[in-house]
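Asker: build me a structure from this.
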Amino acid sequence: MALPVAFLGLFFAYPVAAIVTRGLKVDGRWQFGRVADVLGQSDIRHVLWFTTWQAVVSTVLTLVVALPGAYVFARLDFPGKQVLRAVVTVPFVLPTVVVGSAFLALVGRGGLLDELWGVRLDTTVWAILLAHVFFNYAVVVRTVGGLWAQLDPRQEEAARMLGASRLRAWRTVTLPALGPAVAAAALMVFLFTFTSFGVVQILGGPTFSTLEVEIYRQTSEIFDLSTAAVLTIVQFLAVGAILVVHAWTVRRRETALRLVDAGLTARRPRGAGQWALLAGVLASIALLLVLPLAVLVQRSLDAPDFAYYRALTGDDGHVFLVPPIEAIGNSLEYAVVATAIAVVIGGLAAAALTRPDAGRLVRGFDALLMLPLGVSAVTVGFGFLITLDEPPLDLRASWILVPLAQALVGVPFVVRTMLPVLRAVDQRLREAAAVLGASPWRVWREVDLPMVRRALLVAAGFAFAVSLGEFGATVFVARPDRPTLPVAVARLLGRAGELNYGQAMALSTILMLVCAVALLVLERLRTDRTGEF
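Answerer: Predicted coordinates for the structure are as follows:
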């Protein structure tokens, strides 16, 4: 636990605490009265209300739309299933700024719906809600569908033989077993929508603002660190409560059920009902997930002769110090380093959490490992700049800041992927190897590693894909001469002009294709028990 604790303490807790301290401490004295002052402002209360309200509605909509998809991926076998699973996961690893841009091109002014039917949704909350469903669909499919595929179908069949209808058998047998997974997925969707940044910033405009957007505005535009610090504390407490409940549901799911091989439960669709359900799920995926991605590609090809792509190799000297095409190589280099850091930190943490002699304090660290997903990335990125600026940690001019920020987001995915696999390793195998004289390192190499190798590769792949799309913290720490793909997209979108917009769509398309290829590789490596994602 030493290295994971040191990593999170130095590169997460320290920067966040520094921002809060700087905002609430004036002339050496704490100004706790500022908390009541900020929360008493009507506009801040409106932000808190909208943040909570839209997160609840987004979570409900995502569950309604995605649960049928979870069943289809878990129980039905059809051609192209692996490819489609990768496709539905692509939105989740895309930068939120790209997701917002895709929906802006779809439902905004001059977008596809505006051109065809004169319909605009960018001035309404519906654009935000639909974008959140788009972004979080894969969370429900992979979390709930992953468990559903391993539930023994003979239990439900036994209930049918005893006279229960199909609906009653599902409600009384399957649904209670899926309850912890549904709760875990709902909590994760609520977490991601509660802390939504890029989607709300682009689609919400001046009308709608979440806590994360307000923290960014107070930090970067108004320079009111005390208000930003109060909002960070509020977000931290809310996210902490969510993650405690989430950790409880995950432990309940992993210990309360006996699971079977997922490869034995999926069958070809039978009957008109299953075929209709499959068709409905495919139609919803096409409209909600594939169409916005297709709009990205279409917008990037609007100019003849791939003009937007060819423009990426040049530089006008105003937006970037280097040609935008270099952002691709920068992102790949950063993501590789971030993946290595995340795998080491997350792998060590997962190994410690699964030890049979792990105490309650160690098990409680499970929830803390998820905090980087929910605490303001804006706060973390800005915290990097004001804390890592003195020897021996004067890193502000170093390229390593970007991989460190990306690794913070990748570690939770590594842990969540590795934990179920490590917990499935029979402890008696380790004990037998130890009795035969193997050292702890050799036990890990000879017993654990062969059994978790594929899950480790899946964890690394997810960390790589998520690192490619990290934006909130990277936008603060990326050097102007070495931008990442998400930062380059945001800079291009922030400038007027058709050429800038087209280049942003071209870079977004490239990022989408890289993520899609990575996820297709993951599907070929996927095991029956490779965690939540």
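Asker: pLDDT of the host helix or strand of residue 487, averaged?
Answerer: If you go by DSSP states H and E, residue 487 is part of helix 485-493. Helix 485-493 carries an average pLDDT of 82.
Asker: can you spell out which helices and strands pack onto it?
Answerer: Contacts defined by 3 or more Cβ pairs under 8 Å, 6 or more residues apart in numbering; DSSP states H and E place helix 485-493 against helix 96-107, helix 326-353, helix 474-477, helix 498-525. C-beta here means a position set from N, CA and C on the backbone, and glycine is covered the same way.
Asker: list the buried ones in it?
Answerer: 485, 486, 487, 488, 489, 490, 491, 492, 493 (16 or more other Cβ atoms under 10 Å).
Asker: which residue ranges of the stretch 351-500 of the chain form strands?
Answerer: With strands called from DSSP state E, counting those that start in this stretch, the stretch 351-500 of the chain shows them at 389-390, 393-394.
Asker: who does the first one pair up with?
Answerer: Same thing as strand 389-390. Note on strand 389-390: by DSSP bridges, its sheet partners are strand 393-394 (antiparallel).
Asker: quick check: the two most widely separated of the buried residues of helix 485-493?
Answerer: Distance extremes for these: the farthest pair is 485 and 493 at 12.5 Å, using Cβ to Cβ.
Asker: what's the span of stretch 166-182, first residue to last?
Answerer: 20 Å (Cα to Cα, to the nearest Å).
Asker: how about stretch 121-130?
Answerer: Using Cα to Cα, the two ends of stretch 121-130 sit 10 Å apart.
Asker: mind listing residues that contact that stretch?
Answerer: For stretch 121-130, contacts defined as Cβ atoms under 8 Å, 6 or more residues apart in numbering pick out 54, 57-58, 61, 103-104, 107-109, 111, 113, 196, 199-200, 203-205, 207-208, 288.
Asker: and with 7 Å instead?
Answerer: 54, 57-58, 61, 103-104, 107-109, 199-200, 203-204, 208 (Cβ atoms under 7 Å, 6 or more residues apart in numbering).
Asker: out of these, which is nearest to residue 168?
Answerer: residue 61 (26.5 Å).
Asker: which phi and psi does the closest one have?
Answerer: phi -60, psi -40 (degrees, to the nearest 10).
Asker: correct me if wrong: it contacts residue 133.
Answerer: Yes: under the criterion of Cβ atoms under 7 Å, residue 61 is in contact with residue 133, at a separation of 5.3 Å.
Asker: more crowded one of the two?
Answerer: residue 133 (24 against 17; other Cβ atoms under 10 Å).
Asker: now the more buried one: how far from residue 193?
Answerer: When distance is defined by Cβ to Cβ, to the nearest Å, residue 133 is 10 Å away from residue 193.
Asker: now the common contact residues for these two.
Answerer: Joint contacts of residue 133 and residue 193 (Cβ under 7 Å, 6+ apart) are residue 58.
Asker: can you give me the domain assignment for this structure?
Answerer: Here the domain assignment for the chain is 1-15+303-533, 46-197+239-300, based on automatic domain parsing.
Asker: could you dump those to JSON lines with distance to residue 30?
Answerer: Shown next, in JSON lines, are the domains of the chain (distance: least, Cβ to Cβ, whole Å):
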{"stretch": "domain 1-15+303-533", "distance to residue 30": "18"}
{"stretch": "domain 46-197+239-300", "distance to residue 30": "21"}
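Asker: wait, which of those domains is closest to residue 220?
Answerer: domain 1-15+303-533 (7.7 Å).
Asker: where does this structure dip in pLDDT?
Answerer: Applying pLDDT under 70 to the chain flags the ranges 27, 123, 247, 249-264, 315-321, 356-364, 367, 523, 525-533.
Asker: what's near enough to touch residue 242?
Answerer: 187, 190, 191, 374.
Asker: any chance of those in a markdown table, with neighbour count, secondary structure and distance to residue 86 too?
Answerer: Output for the contacts of residue 242, formatted as a markdown table (neighbours: other Cβ atoms under 10 Å; DSSP: H, G, I helix; E, B strand; the rest coil; distance: Cβ to Cβ, whole Å):
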| residue | neighbour count | secondary structure | distance to residue 86 |
| --- | --- | --- | --- |
| 187 | 22 | helix | 25 |
| 190 | 24 | helix | 25 |
| 191 | 22 | helix | 23 |
| 374 | 23 | helix | 26 |
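Asker: can I get those in TSV with distance to residue 514?
Answerer: Shown next, in TSV, are those (distance: Cβ to Cβ, whole Å):
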residue	distance to residue 514
187	29
190	29
191	26
374	26
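Asker: which of these lies closest to residue 343?
Answerer: residue 374 (21.5 Å).
Asker: ok, the closest residue in space to that closest one that isn't next to it in sequence to residue 377 distance?
Answerer: Nearest non-adjacent residue to residue 374, counting by Cβ to Cβ, 6 or more residues apart in numbering: residue 239, 3.4 Å away. In this view, residue 239 and residue 377 are 12 Å apart by Cβ to Cβ.
Asker: likewise for residue 337?
Answerer: Residue 337 is 18 Å from residue 377, by Cβ to Cβ.
Asker: of these two, who's got more company?
Answerer: In this view residue 337 and residue 377 are compared by other Cβ under 10 Å, and residue 377 has more residues nearby, 27 against 17.
Asker: identify the residues contacting that one.
Answerer: Counting by Cβ under 7 Å, 6+ apart, residue 377 has contacts 472, 473.
Asker: equivalent analysis for the one 10 residues further on, please.
Answerer: For residue 387, the set of contacting residues under the criterion of Cβ under 7 Å, 6+ apart consists of 14, 15, 18.
Asker: now with 10 Å?
Answerer: Counting by Cβ atoms under 10 Å, 6 or more residues apart in numbering, residue 387 touches 10, 11, 14, 15, 16, 17, 18, 19, 22, 393, 395, 396.
Asker: looking at these, which are in helices?
Answerer: 14, 15, 16, 17, 18, 19, 22 (DSSP state H).
Asker: excluding its backbone neighbours, what's nearest the first one?
Answerer: Spatially, and ignoring its direct neighbours in sequence, residue 14 is nearest to residue 387 (5.8 Å; Cβ to Cβ, 6+ apart).
Asker: any idea how far the one you found is from residue 9?
Answerer: From residue 387 to residue 9 the distance is 12 Å (Cβ to Cβ).
Asker: next: residue 125.
Answerer: 38 Å.
Asker: those two: who's more crowded?
Answerer: residue 125 (18 against 11).
Asker: hey, where'd the helices end up in the stretch 101-250 of the chain?
Answerer: 112-117, 125-148, 153-161, 166-169, 175-194, 198-204, 211-216, 225-256 (DSSP state H, counting those that start in this stretch).
Asker: export the ones you listed to CSV and tack on distance to residue 29?
Answerer: Shown next, in CSV, are the helices of the stretch 101-250 of the chain (distance: least, Cβ to Cβ, whole Å):
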stretch, distance to residue 29
helix 112-117, 54
helix 125-148, 40
helix 153-161, 63
helix 166-169, 63
helix 175-194, 32
helix 198-204, 34
helix 211-216, 23
helix 225-256, 13
